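> got a sequence here, can you build the structure:
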Amino acid sequence: MHSPQVITDSTYTLFEINQVSLRQAVTPEPLRGRVNATLEFVRLGATRLGALLGGWLGAKLGLRATLWIGASGSVLAALWLGLAPVRRVREITDCEGER
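Reported below is the predicted structural model:
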């Protein structure tokens, strides 16, 4: 149980640094606070809804089926991110109106 946590904790840190840096680079400065607050609100809301859905599915379908559904969702999310055009971003140009 220790090894997966060591791997995922470090990769999550890299993900967080990259996604915040990209978001700040492409968002005009006057909107950065609103954008960050909105995304944090959505992220926390999705976490709560996911916990409720996982509990409900666990009660209705059983633990094994619920874990398979969760694992499948994680694989689909990784594929979606892997195929997204954001992977090919090598240079960030200045935002219009940010002067």
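> work out for me the element the residue most central in space within the chain sits within.
Central residue of the chain (CA atoms, centre = their mean): residue 43, 7.7 Å from the mean position. In this assignment (DSSP states H and E), residue 43 forms part of helix 32-61.
> from residue 16, how far off is the residue nearest to the centre of the chain?
Going from residue 43 to residue 16 by CB to CB, to the nearest Å gives 11 Å. All C-beta atoms are positioned from the backbone trio N, CA, C, and that covers glycine.
> can you pull the buried residues of stretch 58-76?
Within stretch 58-76, the residues that count as buried by 16 or more other CB atoms under 10 Å are 58, 66.
> quick one: average confidence on that stretch?
For stretch 58-76, mean pLDDT is 95.
> return the distance of it from the chain's centre.
What separates the centre of stretch 58-76 from the centre of its chain is 19 Å, taken as CA atoms, centre = their mean, to the nearest Å.
> how about stretch 42-58?
The answer for stretch 42-58 is 14 Å, by CA atoms, centre = their mean.
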